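Participant: Mind folding the following:
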Amino acid sequence: MHDTDSLAGSLMFLSGGGEAGALMRSQDWSESPLGHPRTWPQALRTLVGLMLNSGFPMFVAWGEELGFLYNDPYRDILGDKHPRAMGRRFHDIWAEIWDDIGPLIDRALHGEATYADRLLLVMNRHGYDEPTWFTFSYSPVRDEHGAIRGMHCACVEVTEQVLAEKYRDEENERFRALFEQAPGIMAVLRGPDHVFELTNQSYLQLIGHRQIVGRAARDALPEVTGQGFFELLDRVYTTGEPFVGHALPLRVQLEPGGPLVERFVDFVYQPIRDAGGAVSGIFVEGSDVTLRKQVEDELRAANRQKDQFLAMLAHELRNPLAPIMTAAQLLKVGRLDARSVANASEIIARQAAHMTDLVNDLLDVSRVTRGLVTLEKEELDLNVIVSAAVEQVRPLVDARRHSLTLQLSGRSAHVVGDRTRLVQVISNILNNAAKYTAPGGRLTLSVTVDEQRVLVAVRDNGVGIAPDILPYIFDLFTQAERTPDRSQGGLGIGLALVKSLVALHGGTVHASSDGIGEGSEFCICLPRLAAPGGMDDEATPSAGLQAPGALRVMVVDDNVDAAQMLAALLEVQGHAVSVEYDGKGALERVRREHHEVLLLDIGLPDLDGYELARRLRGQPESADATLVALTGYGQSQDRKEAEQAGFDHYLVKPADMDQVNEVLAAAAKAHGR
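Facilitator: Here you go, the predicted structure:
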């Protein structure tokens, strides 16, 4: 009994300690290098007693073979190695990680305490290798004589924390990569000074790839000052309300000291709030929509161009229709003599031919632009082609009293081309020069030759070309700003046709002008082939005696055929009719003669019809006259402008004579006839 009590007393240091303590008390120690616990030295007993009653994972390795002892919290670290690991050799238990921990053990056994933080160890504790991470310390353990007999370890497994942080870091890196590679512009700004914390490549591309992270917005982008963006940032930071901008212009320097380049951006300024709900920064997200804005602007411009073209087309087709219908109605009345019938017939034929030319131009440019035109090429002398083109345009040049100077080349100007098409090209350009030069102007057509090219240049001192129109002058349907003065006609397709036809001949064409009122020059360049061995503007129908209820009427229209036919038709009905072909002549005549009704074309060569109406209303001789707009323009804006100018009635060409008669009947009643 005494021996049993003595044995129990000798194992008191193993009391408690949970499962590990019970295992130590009951285990067969005959195979362990440590021997039975009753033989353990006091230093080991003391350390084991402390370890068993600790809630922190610990183990002790003792003796020359480092017998392994551990507590309950360490069991989870051992995994399937528990309970066989109790009392076994340290090396046998953790052979798979010995290369990693062996050097640290040696240092501890030589008296040096070591510490490892988050050390990666590939353990096999569940039948397979798995990466684990541990934070631990190895400390030398001495016996009662001060000799180092073993080592002690306090450790904690941090595998879950490491994996969680690794996952978080990977997620952060993934998000950072997405942020960096996002096609839209992104930036994070912090604090009231809007210091750049993060930016992506799209944002840097927008502002010119400069170092801005860590800098306040106003310092990083000084050229943006005054454009409103910094003020918006201040407002979002102060109010906490996001801001959304659509296609706002931003002017930035893409290179240090370079010019300001305009960009358009869609963006959102989204406030970032801290844990307390206060705004701590701003997230900027958006996209550079400069390209989209340009496309939208081009589409809008194309749409406007289309509308203008349709308005011009309507105007140009109505202009010849007016004299055709008037002449037809005169013929229908049946009171004309043979000469008048012939004159009316000629007008119908001439104006119908003009309409045919308009339609042919439309069809021609369509065929050329779709590549459906085949050139009949032959060797040609461009001097001869120029002469043929001049012959075609000569009637217009003479009618407008222009002086035309020809400067033909003294050398052969041979090219390979289609005779008809080249005559068409040169006559088209010469025709434009004649139309858009005031009467009495100067035109010059020159042919020059060098070793490889033949140049045909047409210069004039006419209206010139505005700088904003010049780059697009050869585009289909391009004309200068639409004005009521469309007396020269045209659909804006002639120069597009010229460009296409010249290109089919392997040449180029370009235009130049110093601006409005400074004239213009068109130059055609073709590959050279080596040479082988007027109307009387004062004509006015005479006014006969007025029939009862008749009116004194003035027709003002620069289209001579239209003016004369309308005047003739009104005279047949008994009215006394005068004709003028421009605004100034009309004003002067009204001061000399009293007129009760004035039929005014809007597109006049000097004063447009709106200005003429305002002046007529402003002078006493015509202040009470009935003013009637007779024009090819029929849009609501045109009608509104006519009303504001003082017109009483608005008729669209070709006006029906019933409408004209209704207007005249109302005028007769107003003037007491």
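Participant: isn't Leu566 right next to Thr326, touching?
Facilitator: Yes: contact criterion CB atoms under 8 Å: Leu566 and Thr326 qualify, at 5.2 Å. Yep, even glycine has a C-beta here, placed from its N, CA and C like the rest.
Participant: Now do the helices in the stretch 251-400 of the chain.
Facilitator: 290-333, 338-369, 382-399 (DSSP state H, counting those that start in this stretch).
Participant: Export these as JSON lines, with columns for mean neighbour count, mean pLDDT and distance to Asn559.
Facilitator: Compiled in JSON lines, these are given as follows (neighbours: other CB atoms under 10 Å; pLDDT from 0 to 100; distance: least, CB to CB, whole Å):
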{"stretch": "helix 290-333", "mean neighbour count": "17", "mean pLDDT": "77", "distance to Asn559": "6"}
{"stretch": "helix 338-369", "mean neighbour count": "15", "mean pLDDT": "74", "distance to Asn559": "9"}
{"stretch": "helix 382-399", "mean neighbour count": "18", "mean pLDDT": "83", "distance to Asn559": "13"}
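Participant: Is it possible to get a markdown table of these that adds distance to Gln573?
Facilitator: Formatted as a markdown table, these follow (distance: least, CB to CB, whole Å):
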| stretch | distance to Gln573 |
| --- | --- |
| helix 290-333 | 9 |
| helix 338-369 | 15 |
| helix 382-399 | 30 |
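Participant: I'd like to know which of those lies nearest to Gly583.
Facilitator: Set against Gly583 and scored by CB to CB, those come closest in helix 290-333, at 17.6 Å.
Participant: show me what contacts Glu173?
Facilitator: Applying CB atoms under 8 Å, 6 or more residues apart in numbering to Glu173 gives no contacts.
Participant: And for Val572?
Facilitator: 330, 333, 335-336.
Participant: My reading is that Ala563 is in a helix; is that accurate?
Facilitator: Yes: looking at Ala563 with DSSP: H, G, I helix; E, B strand; the rest coil, it is inside a helix.
Participant: just use 19 as the starting number from now, easier for me
Facilitator: Got it, the first residue is 19 from now on, which makes the last one we talked about Ala581.
Participant: I'd say it and Gly603 touch.
Facilitator: No: the criterion here is CB under 8 Å, and Ala581 misses it with Gly603 at 11.5 Å.
Participant: Now do the helix or strand hosting Ala452: everything it contacts.
Facilitator: Using DSSP states H and E, Ala452 falls within helix 437-453. For helix 437-453, the surrounding residues in contact (CB under 8 Å, 6+ apart) are 391, 393-394, 396, 398, 400, 403-404, 406-408, 410-411, 414-415, 418, 420, 433, 461, 463, 474, 476-478, 480, 506-508, 512-513, 515-516, 519-520, 522-523, 538, 540, 542.
Participant: May I ask which two of the contacts of Val590 are separated the most?
Facilitator: Going by CB to CB, the pair spanning those furthest: Leu348 and Arg353, at 8.4 Å.
Participant: related to what we said a few turns ago, which one's more surrounded, Ala581 and Gly603?
Facilitator: Taking neighbours as other CB atoms under 10 Å, Ala581 and Gly603 compare with Ala581 leading, 26 against 17.
Participant: Just checking the distance from stretch 113-127 to the centre of its chain.
Facilitator: The chain centroid and the centroid of stretch 113-127 are separated by 67 Å under CA atoms, centre = their mean, to the nearest Å.
Participant: Thr308 is in contact with Val270, isn't it?
Facilitator: No: applying CB under 8 Å as the test, Thr308 and Val270 come out as separate, 11.3 Å apart.
Participant: shared neighbours, those two?
Facilitator: Arg281.
Participant: Tell me who's in contact with Arg632.
Facilitator: Contacts of Arg632 by CB under 8 Å, 6+ apart are 663-664.
Participant: how does it look with 6 Å?
Facilitator: Ala663 (CB atoms under 6 Å, 6 or more residues apart in numbering).
Participant: what about stretch 203-215, start to end distance?
Facilitator: End-to-end distance for stretch 203-215, by CA to CA, to the nearest Å: 14 Å.
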